[in-house]
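[1] Below: sequence and its predicted model.
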Amino acid sequence: MIKGEKLELTIEGVGMDGEGVAKHDGIVVFVPMTLVGEVVEATITFVKKKFATARVYKVLKASPMRRDPICPIFFQCGGCSMMHIEYNAQLDIKKENVANCMRKVAKIDTVVDDVYACSDEYEYRNKIQLPIANINGEIVCGFYREKTHIVEPFNKCYLHGEWADDIIDAFLDWANRYKLTAYDEKTGRGLLRHLVLRRLGDVISIVVVINGSSLPEKDKLSGYIHDMGYKFSMYININKSDTNVIMSDKTTCIYGKSDIMHEIAGVKLSVAPNAFMQVNDEIAEEIYNNIASKISQHNSPLVLECYSGIGMLSNIIARSTDRLVSVEIEYSATKNANTMAELNGNADKILNICGDAGVVMPRLAGISRGIEEADLEYINLTEDEKIRLTKMLSQGGTDQDIVVVLDPPRKGCDACVLEAVISASPNYIYYISCNPSTLARDLSVLKEKFDVMSISPYDMFPNTSHVETLVQLKAKA
């Protein structure tokens with residue numbers, strides 16, 4: 001098998017990114033945009049000793065689950081990977097991918113629930129991040145083609161509502177009319193880098209990321225959008241670094257309010273432009289409410305939450321417990337979480353700690369179990385907060401249920417955090433993951449002390465290969 005060779009392949013399985021999997025002469029071949037049972041003619045694009053990748057040249061036998069994607073640039077754009085598959089079949093594929101990770105990586109045979117479906121497989125995203133480029137003398141924005149930094153422009157993204165299309169059209173009209181420049185990664189020159197939009201209820205957050213110190217004609221841009229009838233706040237984010245990171249920490253509000261008030265699942269929040277939030281409000285609410293409902297059934301629960309972010313989930317859990325200690329390493333997120341607790345009347349229930357969960361968690365566990373003294377010198381708290389924390393951790397007694405909630409980024413939990421969680425000896429763990437592979441890796445560690453009670457996938461990202469999963473674990477008897 002060599003690069004450029006054309007082969008007839010029968011698709012026998014599905015990979016973790018939704019691609020088809022075939023075999024040829026004992027070598028596994030990954031073929032994007034194909035389905036199980038299909039026979040395709042494909043061109044080999046990459047070869048290693050034990051596997052290869054290929055690009056479909058022609059579908060010789062199509063699966064009944066194949067459909068024509070509604071997006072005209074689906075096969076060029078890297079934003080989606082499953083729009084060519086009937087929605088119910090997407091859910092089946094995602095369930096099987098989660099189950100495969102559990103079996104092969106975690107060595108767990110717990111039955112995986114059916115994937116909780118999104119009510120609308122289109123227009124579900126509340127956020128869009130678009131790189132900006134100059135193509136044939138015109139400013140455009142779009143998504144990168146898969147595995148490249150080549151911008152594929154579009155007229156409409158079907159995963160977002162018309163609000164995004166309108167703002168994008170106005171932005172491009174403004175940028176081209178006033179002859180602004182687009183950032184070039186090769187030369188480091190050009191002003192406009194990214195356009196970042198987020199819908200928060202009836203208000204839109206608009207961030208223009210620039211390679212400079214100011215944005216020319218910014219009043220004209222805000223005037224265009226104001227005349228369209230939208231409520232919005234606009235910001236410039238200064239990012240002069242040679243980096244793939246989209247936004248720096250240098251953000252200035254140039255129109256509207258610096259923080260936007262929003263509400264999700266009955267929780268009020270003040271959202272800064274760079275705050276992390278789930279992109280699908282409907283599915284996020286379903287997961288968070290499910291966790292809170294389960295926690296409400298525990299005995300006088302003390303909840304220890306790691307990777308707590310801006311405190312969205314914390315305030316929902318606070319409906320089910322009077323004692324919640326949240327640990328988050330980012331100072332800005334912890335500050336935002338404190339504001340959110342105040343907004344929702346939960347400041348007396350939630351204590352937000354800015355620190356490394358691997359350092360903080362063992363001390364929290366020891367105090368809550370009455371095993372060690374209140375050694376809080378390494379936790380960044382005021383004296384009043386230390387007194388409050390000690391009281392929160394010790395007031396439940398030895399019969400209380402200790403519950404740990406984990407919601408890490410795609411890379412999963414750091415090893416020291418897993419060790420700290422195990423040392424905490426909680427009765428229950430709720431683990432939210434957006435990456436089945438790292439979830440399975442972490443469960444292979446946790447399963448030594450905990451039984452996996454349920455594995456529940458949620459379709460947070462329809463028409464892509466991504467899936468959100470909630471796992472409930474219980475301490476072994």
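    That came through, no problem. Just so it is clear, the structure is predicted and the values come from calculations on it, not from any experiment.
[2] got the domain boundaries for this protein?
    1-66, 127-271, 281-475 (automatic domain parsing).
[3] Which one, of these, ends up nearest to G79?
    The closest of those to G79 is domain 127-271. By Cβ to Cβ, the value is 4.3 Å. To be clear about C-beta, it is placed using only N, CA and C from the backbone, and glycine gets the same treatment.
[4] That closest one: end-to-end distance?
    13 Å (Cα to Cα, to the nearest Å).
[5] just stretch 429-449 next, same as before
    Using Cα to Cα, first and last residues of stretch 429-449 are 11 Å apart.
[6] Report the mean confidence score over that stretch.
    Computed over stretch 429-449, the mean pLDDT rounds to 97.
[7] ditto for stretch 40-56
    pLDDT averaged over stretch 40-56 gives 93.
[8] Need the contact partners of it.
    1-9, 11, 20, 22, 24, 27-34, 57-61 (Cβ atoms under 8 Å, 6 or more residues apart in numbering).
[9] just the buried members of those residues?
    Buried by 16 or more other Cβ atoms under 10 Å: 7, 9, 11, 20, 22, 24, 28-34, 59, out of those.
[10] Dump those residues to TSV, plus pLDDT, secondary structure and distance to I379.
    Listed next are the buried ones among the contacts of stretch 40-56 as TSV, based on pLDDT from 0 to 100; DSSP: H, G, I helix; E, B strand; the rest coil; distance: Cβ to Cβ, whole Å:
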residue	pLDDT	secondary structure	distance to I379
L7	94	strand	59
L9	96	strand	56
I11	96	coil	53
G20	93	strand	50
A22	96	strand	53
H24	94	strand	56
V28	95	strand	48
V29	96	strand	52
F30	95	strand	46
V31	94	strand	51
P32	91	coil	47
M33	91	coil	50
T34	94	coil	52
V59	95	strand	59
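[11] Closest to S248 out of the residues you listed?
    P32 (33.2 Å).
[12] And what about V208, helix, strand or coil?
    Following DSSP: H, G, I helix; E, B strand; the rest coil, V208 is assigned to strand.
[13] what two of the buried ones among the contacts of stretch 40-56 are the furthest from one another?
    Most distant of the buried ones among the contacts of stretch 40-56, by Cβ to Cβ, are V28 and V59, 20.0 Å apart.
[14] shouldn't L443 be in contact with M102?
    Yes - between L443 and M102 a contact is recorded at 7.4 Å, counting by Cβ atoms under 8 Å.
[15] got any residues that touch both of the two?
    Residues touching both L443 and M102 (Cβ under 8 Å, 6+ apart): I108.
[16] can you give me the strands in the stretch 51-200 of the chain?
    Per DSSP state E, counting those that start in this stretch, the stretch 51-200 of the chain carries strands over the ranges 51-61, 127-135, 138-144, 151-153, 192-200.
[17] and the angle for the third one with strand 127-135?
    Relative orientation of strand 138-144 versus strand 127-135 (axes from the mean of the first three to the mean of the last three Cα atoms, to 10 degrees): 130 degrees.
[18] what does the longest one give?
    With the same axes, to 10 degrees applied, the angle from strand 51-61 to strand 127-135 works out at 90 degrees.
[19] ok, strand 51-61: who's next to it in the sheet?
    strand 27-31 (parallel), strand 39-47 (antiparallel) (DSSP bridges).
[20] Reformat the ones you listed into a markdown table and put distance to G345 next to each item.
    Shown next, in a markdown table, are those (distance: least, Cβ to Cβ, whole Å):
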| stretch | distance to G345 |
| --- | --- |
| strand 27-31 | 51 |
| strand 39-47 | 55 |
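[21] quick one: secondary structure of I283?
    With three-state DSSP as the basis, the three-state label of I283 is helix.
[22] Give me the neighbour count for P69.
    Per other Cβ atoms under 10 Å, the neighbour tally for P69 reads 17.
[23] The stretch 301-450 of the chain: helices as residue ranges?
    Taking DSSP state H, counting those that start in this stretch, the helices of the stretch 301-450 of the chain run over residues 312-317, 331-343, 357-368, 383-394, 415-424, 436-446.
[24] Buried deepest among those helices, which one?
    Highest mean neighbour count of the helices of the stretch 301-450 of the chain: helix 312-317, a mean of 26 (counted as mean count of other Cβ atoms under 10 Å).
[25] export that one as PDB, just CAs?
    What follows is helix 312-317, C-alpha atoms only, in PDB (Å, rounded to 0.1, in the frame of the first residue of the first chain):
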ATOM      1  CA  MET A 312     -22.800  27.300  36.300                       C
ATOM      2  CA  LEU A 313     -23.200  23.700  37.600                       C
ATOM      3  CA  SER A 314     -22.400  24.800  41.200                       C
ATOM      4  CA  ASN A 315     -25.400  26.900  41.400                       C
ATOM      5  CA  ILE A 316     -27.700  24.200  40.100                       C
ATOM      6  CA  ILE A 317     -26.300  21.700  42.500                       C
END
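[26] ok, and what's touching it?
    Residues contacting helix 312-317 (Cβ under 8 Å, 6+ apart): 264-267, 269, 277-278, 284, 288-289, 291-292, 295, 303, 305, 308, 324, 326, 337, 340-341, 344, 346, 350, 352, 405, 407.
[27] Out of the buried ones among the contacts of stretch 40-56, flag the one nearest to D356.
    For these, the nearest to D356 is F30 (37.2 Å; Cβ to Cβ).
[28] Could you list which residues are in contact with that closest one?
    F30 sits in contact with G15, E19, G20, V21, F51, A52, T53, A54, where contact means Cβ under 8 Å, 6+ apart.
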